[in-house]
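In: sequence and computational prediction follow.
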Amino acid sequence: MLKEKLRSTRSDKKRDVRPTIPVTLKECIYRISYITNTPVKDVCVDICEAGVVSKKVMEHMSVYFRRQIWLDQTLYRGDLANASIKSEIPAGQKERITMRFSQRSFENIRTLGYALDVTPTTAVALLLDASVKNSDFINEYVRIFLSKHVDEGRMRELKQVMTFINKNNPYEEQISWSAITSFIVDEMKTGTSNLSQSITGWLDKLK
């Protein structure tokens, strides 16, 4: 019985990872954390867990795979002749960021690192960068947050605003959930209102 408990404890143990990432990427993650009122560590884990099972993100990274792997029931082929992804690591000022993965998530990270021929820590840094740049993930992440904190009426109005702007936009740009929320949060910084009140005020200005 004691052995089973110890085995269970070890299998559930969290794994700390502290990658060094570009300052601009770190600022972006902190902004997502602020917008969604979610701890930075949790945002980082959410980004990585979504990215490592995203076909879009993995197809982007797989051109650098040097070893074949199975990941999320998908076979990705690798070739030692492929360019090293290390050459794609951005230059410039970097800072460390900390997160904690479950053992299962860490195994996916380790598998990705094996395919890329880099350490798990470097794999996390690269995965954060690739996943944050995936607009599908960011938009869905912010949309889910909004749906939990904003009533249905305001959500419907926000959707109508986005539809109108995107249909009548002469600049060939698509307005996203994250862009709208980022703008509203900037407005919040100048006052004392909460997110729901800020969205109401912002919608009232458009009427």
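Out: Cool, got the structure.
In: any idea how this protein splits into domains?
Out: 8-133, 143-206 (automatic domain parsing).
In: for the chain, which segments count as strands?
Out: Counting by DSSP state E, one finds strands in the chain at the ranges 15-17, 20-22, 69-71, 74-76, 94-96, 99-101.
In: which one of these lies closest to Glu49?
Out: strand 99-101 (8.2 Å; CB to CB). Bear in mind the C-beta positions are built from the backbone N, C-alpha and C, glycine included.
In: just checking, what packs against the closest one?
Out: strand 15-17, helix 40-51 (3 or more CB pairs under 8 Å, 6 or more residues apart in numbering; DSSP states H and E).
In: from the chain's centre, how far out does the longest one sit?
Out: Think helix 40-51. From the chain centre to the centre of helix 40-51 is a distance of 5 Å (CA atoms, centre = their mean, to the nearest Å).
In: can you name every helix or strand that it contacts?
Out: helix 23-36, strand 99-101, helix 103-116, helix 120-132, helix 135-149.
In: which stretch in the ones you listed has the least confidence?
Out: Of all the helices and strands packed on helix 40-51, the minimum mean pLDDT falls on helix 135-149 (a mean of 78).
In: closest to Asn108 out of the helices and strands packed on strand 99-101?
Out: helix 40-51 (7.8 Å).
In: same question for that closest one: list its buried residues.
Out: With burial defined by 16 or more other CB atoms under 10 Å, the residues of helix 40-51 counted as buried are 40, 43-51.
In: any stretches of this structure with poor pLDDT?
Out: Across the chain, the ranges flagged by pLDDT under 70 are 1-12, 162, 164-166, 168-175, 177-207.
In: how about the contacts made by Leu128?
Out: Applying CB atoms under 8 Å, 6 or more residues apart in numbering to Leu128 gives the contacts 19, 21, 25, 29, 44, 47-48, 51.
In: do that again at 7 Å, thanks
Out: Applying CB atoms under 7 Å, 6 or more residues apart in numbering, we find Leu128 in contact with 21, 25, 44, 47-48.
In: how much space between it and Val52?
Out: According to CB to CB, to the nearest Å, Leu128 and Val52 sit 11 Å apart.
In: and the contacts of Leu128, which is closest to Met155?
Out: So of those, ranked by how close each gets to Met155 (CB to CB), first place is Ile47, at 23.4 Å.
In: show me what contacts that closest one?
Out: 128, 131-132.
In: and if you look at Glu95?
Out: Per CB under 7 Å, 6+ apart, neighbours of Glu95: 20-21, 23, 26.
In: tell me which of the domains of the chain is the most buried.
Out: A comparison of the domains of the chain by mean neighbour count, using mean count of other CB atoms under 10 Å, puts domain 8-133 on top with a mean of 16.
In: so which of the helices and strands packed on helix 40-51 is nearest Tyr64?
Out: Comparing the helices and strands packed on helix 40-51 by CB to CB, helix 103-116 comes nearest, at 5.8 Å.
In: so which elements touch that closest one?
Out: Judged by 3 or more CB pairs under 7 Å, 6 or more residues apart in numbering; DSSP states H and E, helix 103-116 is in contact with helix 40-51, strand 69-71, helix 120-132.
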